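Peer 1: based on what follows, work out the 3D shape:
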Amino acid sequence: MGGPLARSGPFLEDTQSAARTVVLTHHRAPATLAEPRACSATALFFDPAMGNGRSRNPIAREAECVLYPPPVELLIPQQTWLCLGALNITAGAATETLSFCPAMSIGMVGAQGLNVPFANCEPLAAGSMVSATSMSEIEGDEVDDLDLSVAMPGPVTITEPNATPIGPWPATGDVGIRWQSAGATSAIVTVTARDTAAASTTIVCLPRTNGVVFLPTALLAQSNLRTRDARVTVASYTDALRPASGAMREYRLSAGFSSTAILQPNR
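Peer 2: Residues are numbered from 1 along each chain as shown. So this is what the prediction gives:
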C-alpha cells in the first residue's frame, strides 16, 4: 500500500471521446450498514462522432478531487453505440453474456451504459480472474477482437477517517480517506449525501496513490457535505489496457471491489 497507482481509473467524465471499456465492480459494504452486496459488469462502447454527449460540468477542482453539481445526465443512451454482437464476461466461475446491436434492435442502453448483473458474487475474491472476450457473431459486429483478462485486487477496507463503518466527520481541515486494497492499479473515491431523495453535490477523487486521498477543505465547504450524513464509496481496480496499434483498437478492462462508509456531522 502507498505506492503510486498506474492507471487513472475507469471513471467516465464525459462522452466526448470514444469508449471501449468493460468495468466489473463487486460492491461489499460492511454488514453493519445493512446494504446489499452486489456485483455487475458495465460496458461502454460508443463513438461520439455523431453523439450529443457533454461533460459533467464540474463546479471546482482541487488536487485529485472534483466537485460536481447534482447529477448531470451524460446522455449515454443517445451516443452512437457500436454493434457488439455478444460480449462474454467471465468472473471467477460465472459467465454472463451481454448482447447488443442497435442496428438489429438487440439490447438496450441504460443511463450508465450496458449493464449485466452477476447472480452470485461470493466466489469473486482477491485474485479471481475476470475476462472480457468477443468474436464476430453477427453481421455488422464492430467488436470482434476483444480478449483481455485481469486478476481482482484485494477487497476494499476503509480505515480512515474512522475505524468503524459509521462515524463522525472531522470537524475542520482536509479529510483524509484511507483504505486497503492490495494490488490495485486505479481507484475512485466518491462522496455524496446519504439521503438520495434530496439533490446533492458530489465529490469524485481519482487518487494517484494506492490507499489514500484527501478531500480538500475548499470543496467540502462548497458542497456542504460536511453538514450532512454522507456516503463515502471507495472503488479499487486492477486494469488491463490494450493500446491501439495499426488496425487494433484500444480496449480497457477494469475489475475490482468497492465499499462504503458513512460520515455524520457532529451533533
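
Peer 1: show residues contacting stretch 97-113.
Peer 2: Residues outside stretch 97-113 that contact it (Cβ atoms under 8 Å, 6 or more residues apart in numbering): 41-45, 73-74, 76-77, 79, 81, 83-89, 114, 116, 138, 140-141. Backbone N, C-alpha and C define where each C-beta goes, glycine included.

Peer 1: show me these that map onto strands.
Peer 2: Among the contacts of stretch 97-113, DSSP state E puts 41-45, 81, 85-89, 114, 116 in strands.

Peer 1: okay, now residue 111: neighbour count?
Peer 2: For residue 111, the neighbour count with other Cβ atoms under 10 Å is 11.

Peer 1: after whichever strand or helix holds residue 234 comes which helix or strand?
Peer 2: Assessed by DSSP states H and E, residue 234 sits inside strand 230-242. Using DSSP H and E, the next helix or strand after strand 230-242 towards the C-terminus is strand 251-264.

Peer 1: mind checking how far that next one is from the chain centre?
Peer 2: 6 Å (Cα atoms, centre = their mean, to the nearest Å).

Peer 1: check stretch 36-56 too.
Peer 2: Taking Cα atoms, centre = their mean, one finds the center of stretch 36-56 at 10 Å from the center of the full chain.

Peer 1: buried subset of the ones in strands among the contacts of stretch 97-113?
Peer 2: Using 16 or more other Cβ atoms under 10 Å as the burial test, the ones in strands among the contacts of stretch 97-113 include 41, 42, 43, 44, 45, 81, 85, 86, 87, 89, 114, 116 as buried.

Peer 1: who touches the closest residue to residue 8 other than its chain neighbours in this structure?
Peer 2: Closest residue to residue 8 apart from its sequence neighbours, by Cβ to Cβ, 6 or more residues apart in numbering: residue 206 at 5.8 Å. Contact analysis of residue 206 by Cβ under 8 Å, 6+ apart lists 8, 9, 11, 64, 186, 187, 188, 189.

Peer 1: ok, now how distant is residue 206 from residue 9?
Peer 2: Here residue 206 is placed at a distance of 5 Å from residue 9 (Cβ to Cβ, to the nearest Å).

Peer 1: quickly list what's touching both of the two.
Peer 2: Common contacts of residue 206 and residue 9, defined by Cβ under 8 Å, 6+ apart, comprise 186, 187, 188.

Peer 1: picking up where we left off before, mind checking which of the contacts of residue 206 land in strands?
Peer 2: Residues of the contacts of residue 206 located in strands (DSSP E): 186, 187, 188, 189.

Peer 1: measure stretch 240-253 end to end?
Peer 2: Counting by Cα to Cα, to the nearest Å, you get 5 Å between the two ends of stretch 240-253.

Peer 1: any idea how far the residue lying closest to residue 93 once chain neighbours are set aside is from residue 170?
Peer 2: Distances taken as Cβ to Cβ, 6+ apart place residue 123 nearest to residue 93, at 5.7 Å, with adjacent residues excluded. To residue 170, residue 123 is 37 Å away according to Cβ to Cβ.
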